[in-house]
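A.B. asks: my questions are about this predicted structure, shown below with the sequence.
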Amino acid sequence: MSAPELLEIEKNKDTIDSLLNEGQLAVQTVRDDKVVHDYVDVEKAPSAIDTASISTEAFDEMILEELEKRWILNLSMHFRDKSKREKFFVTFAETPTYWRRVTVSLDYRNAPEGSLEEELLRTKFQRDKSARIYEAIRESLPDIQFYDTVTNLKLQTENERLHVHVVEDVSEIIQYPAVRSINHLNCRRIREDELVFDSHLSGFVYKVRVDGQVFIKKEIPGPDTVDEFLYEINALHQLSGSRSVIQFGGVVLDNKGEHVKGLLISFAEQGALIDVIYDGEGHLPWRRRERWARQIVQGLSEIHEAGFVQGDFTLSNIVIDAYDNAKIIDINRRGCPVGWEPPEVRDLIESNQRISMYIGVKSDLYQLGMVLYALATQHDEPETQRPLDIFAIGVLALIPDLVRKLQHC
């Protein structure tokens, strides 16, 4: 077992449907190549001000801080044709309250010797790749004319110089919902410039403060998730009284108050259940796990009774708060993670059909069984244990007599 690497998202983010959506990134690259690019030459030499005024250690610390607050890696994706190309999704904080969405494209095929592309091809971790990209173009960022939507930076080394080709990334532009889409909800509305950034958690999820209170801010990840995002807002608002569903904190609007950009939920101090199980190293008390199981079942029941479906009911979407209570998050029907799909859709997957329309109460209940299995066995990756065998040798010894008796009822 191993804890997931949050920034290695290309390994963990795939849902069944996303794996069937072939060729999206490759099409975008072709489209970019057909337009006229603005480009910026990048000098290899570091800033004279930086090297002269501060030590190497202080400069490295400054870069690390900027990578946490100014150049934030949200996710990365390899191209589906398995070619040596890569795309990074970044949030660039031009000012503390003005953030831009940026994508960075790199082609490692025929990378010149000693080039940035060759270096990145040999770099293992995505966080390190993003850091190296930022260091390479940091001094040129003020010269780039960013788009108000999404800006693509295509980095390419030619004649021993790194060029930054700038184009609008039209395939990643999000049509943010107009504020009238939530007029039926009596909820708090916060403008982006009222948020105080604390830290990046994962993906497009951040820890922020509003009037001194800590919240989790979730942004719309991409252009294909707007409907799911509105679904989640409506679900959280309707389930505000539930003790086992994360509490809704309101919506985030753009600074003009015209469009919905994100949502706020309460902060669960202990984090995701998958990490709690992993960190517990097999020593979590049964009574504690039993209480979580009851709370999880109650929360899912309330979601279904309210007419909603969780849709992605995994250990990552259950969190534990400061009072050691389990809370369900991410009620958005966004997709069925690989390994968590119910067996009845296996034939659909093998025939390359999209299964999002088949996500419902039944798939939630199947995934609930996997969650309970994980709690009983303290295994943080139950999807690797399929087919699940609750009566396997060595497992029954971990479960009290009462539960074993219930299995035979």
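C.D. replies: Now that the structure is in, tell me what you want to look at.
A.B. asks: when you work out contacts or count neighbours from here on, use the C-alpha atoms and nothing else.
C.D. replies: OK.
A.B. asks: quick check: Asn110 vs Met62, distance?
C.D. replies: Applying Cα to Cα, to the nearest Å, the value for Asn110 to Met62 is 33 Å.
A.B. asks: helices and strands around the helix ranked longest in the chain, which ones?
C.D. replies: In the chain, with assignment by DSSP state H, the single longest helix is helix 286-305. Helix 286-305 sits against strand 326-328, helix 361-377, with contacts defined as 3 or more Cα pairs under 8 Å, 6 or more residues apart in numbering; DSSP states H and E.
A.B. asks: mind running it again at 10 Å?
C.D. replies: helix 226-238, strand 318-320, strand 326-328, helix 361-377 (3 or more Cα pairs under 10 Å, 6 or more residues apart in numbering; DSSP states H and E).
A.B. asks: Asn110 and Met62: which is more packed in?
C.D. replies: Using other Cα atoms under 10 Å as the criterion, Asn110 and Met62 rank with Met62 on top: 12 against 9.
A.B. asks: nearest to Lys207, of the helices and strands packed on helix 286-305?
C.D. replies: Closest of those to Lys207 is strand 318-320, at 14.5 Å (criterion: Cα to Cα).
A.B. asks: what is that closest one packed up against?
C.D. replies: strand 271-272, helix 273-280, helix 286-305, strand 326-328.
A.B. asks: correct me, but Glu258 touches Ile182?
C.D. replies: No. Glu258 is not in contact with Ile182 according to Cα atoms under 10 Å; the separation is 11.2 Å.
A.B. asks: neighbour count: the two, which is higher?
C.D. replies: Applying other Cα under 10 Å to Glu258 and Ile182 shows that Ile182 carries more neighbours, namely 17 against 14.
A.B. asks: from Ala306, how far out is the more buried one?
C.D. replies: In terms of Cα to Cα, Ile182 sits 18 Å off from Ala306.
A.B. asks: for Glu290, which of the helices and strands packed on helix 286-305 is the nearest?
C.D. replies: That would be, of those and by Cα to Cα, helix 361-377, which comes in at 8.1 Å.
A.B. asks: which stretches of the stretch 51-200 of the chain form strands?
C.D. replies: Under the criterion DSSP state E, counting those that start in this stretch, the stretch 51-200 of the chain contains strands at 71-78, 85-95, 98-107, 150-158, 161-168, 189-191, 196-202.
A.B. asks: what's the closest of the ones you listed to Ile296?
C.D. replies: Closest to Ile296 of the strands of the stretch 51-200 of the chain is strand 196-202 (Cα to Cα; 22.9 Å).
A.B. asks: between the next helix or strand after that closest one and strand 196-202, how many degrees?
C.D. replies: Note on strand 196-202: by DSSP states H and E, the next helix or strand toward the C-terminus is strand 205-210. Relative orientation of strand 205-210 and strand 196-202, computed by axes from the mean of the first three to the mean of the last three Cα atoms, to 10 degrees: 160 degrees.
A.B. asks: what helices and strands are in contact with strand 205-210?
C.D. replies: Looks like strand 205-210 contacts strand 196-202, strand 213-219, strand 260-266 (3+ Cα pairs under 10 Å, 6+ apart).
A.B. asks: low-scoring stretches of the stretch 201-350 of the chain, by residue?
C.D. replies: Within the stretch 201-350 of the chain, no stretch has pLDDT under 70.
A.B. asks: still on that earlier bit, got the strands of the stretch 51-200 of the chain as a markdown table, with mean neighbour count columns?
C.D. replies: Listed next are these as a markdown table, based on neighbours: other Cα atoms under 10 Å:
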| stretch | mean neighbour count |
| --- | --- |
| strand 71-78 | 22 |
| strand 85-95 | 18 |
| strand 98-107 | 19 |
| strand 150-158 | 22 |
| strand 161-168 | 20 |
| strand 189-191 | 19 |
| strand 196-202 | 16 |
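A.B. asks: which one of those lies nearest to Glu232?
C.D. replies: strand 189-191 (15.7 Å).
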